[in-house]
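Novice: 3D model of this:
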Amino acid sequence: MREVAGTIVTEDDEDCQMGKVRNALMAYLVELDVDECGCLDGDESAFPLTADQHDWNTPYPRVERAVEFEWEAGEGDGRPDVFWYPQILDWVCDERAYRVLQRVAGADIHTLAEGVLDGEPVFVVQAPHVLDVVDREASLIDTYPTYEALRFPAFRRSAADALAARVFRVPGGITMVFVGERVKQALDEAGVKGITYVPVDWGDG
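Specialist: Next comes the predicted model:
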């Protein structure tokens, strides 16, 4: 128990407030809206592996030469900052989006190639870190005779603080990339376009 601005605050009050803060820290599945934002075309020969030849839970081999890209526009107005390129599972970022990711979650970003789009630098990035934060009881998991497939996860509530500034994958979700609340906030504040966010529920773990 302590006094704050003339008010007695108990440990239960503090625990409640911490719980509210933790609950406010959401995590999100990141999706790229190809219909709205279009995609990139580029020299596939620069990439040693196709998307289905790499496991994406380990760093993709570094591409040593710059890749020339062309943007195929989607139905929306204006060019995005984060692009889909079918040769990889993750993203191609313009300099604005890339700098934000490096600043907020640089340890989670593997830069596998650099390139040029309309004379401006772009960066091909991967999020190879796999975090064991899935709450299985609260997740949607399809069960088959010989394997399971994660349809959509829920995360353990106890991991909320640790995920806030992370870009990551989860076991069983090779095609899914997630970001924490602080990463989303930083991208939004920088005006980064091309990403949509699907909130992930917290389980009780």
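Novice: so what pLDDT did Met18 get?
Specialist: Met18 carries a pLDDT value of 42.
Novice: wait, I meant Gly6
Specialist: So Gly6 comes in at 42 (pLDDT).
Novice: low pLDDT regions in the chain?
Specialist: 1-24, 205 (pLDDT under 70).
Novice: And the helices in it, which stretches?
Specialist: 11-24, 34-37, 95-105, 160-163, 181-189 (DSSP state H).
Novice: Run a quick neighbour tally on the closest residue to Gly42 other than its chain neighbours.
Specialist: Closest residue to Gly42 apart from its sequence neighbours, by Cβ to Cβ, 6 or more residues apart in numbering: Phe69 at 4.3 Å. All C-beta atoms are positioned from the backbone trio N, CA, C, and that covers glycine. Residues lying near Phe69 (other Cβ atoms under 10 Å) number 21.
Novice: residues touching Phe69, list them.
Specialist: Taking Cβ atoms under 8 Å, 6 or more residues apart in numbering, we find Phe69 in contact with 40-42, 83, 85, 92, 115-117, 122.
Novice: And it, how far from Thr196?
Specialist: Distance of Phe69 to Thr196, computed by Cβ to Cβ, to the nearest Å: 21 Å.
Novice: same check, this time on Arg96
Specialist: Taking Cβ to Cβ, one finds Arg96 at 18 Å from Thr196.
Novice: which one of those two has more residues nearby?
Specialist: Arg96 (15 against 12).
Novice: burial of Asp161, as a residue count?
Specialist: Neighbours of Asp161 (other Cβ under 10 Å): 13.
Novice: what do you get for the one 10 residues further on?
Specialist: A count of nearby residues for Pro171, using other Cβ under 10 Å, gives 13.
Novice: wait, isn't it in contact with Val130?
Specialist: Yes - between Pro171 and Val130 there is a contact under Cβ atoms under 8 Å: 6.1 Å.
Novice: before we move on, the earlier item: report the beta-bridge partners for the residue nearest to Gly42.
Specialist: Using DSSP bridges, the bridge partners assigned to Phe69 are Gly42, Leu117.
Novice: How much space separates Pro86 from Ala46?
Specialist: 14 Å.
Novice: Those two: which is more packed in?
Specialist: Of the pair Pro86 and Ala46, Ala46 is the one with more neighbours under other Cβ under 10 Å, namely 16 against 13.
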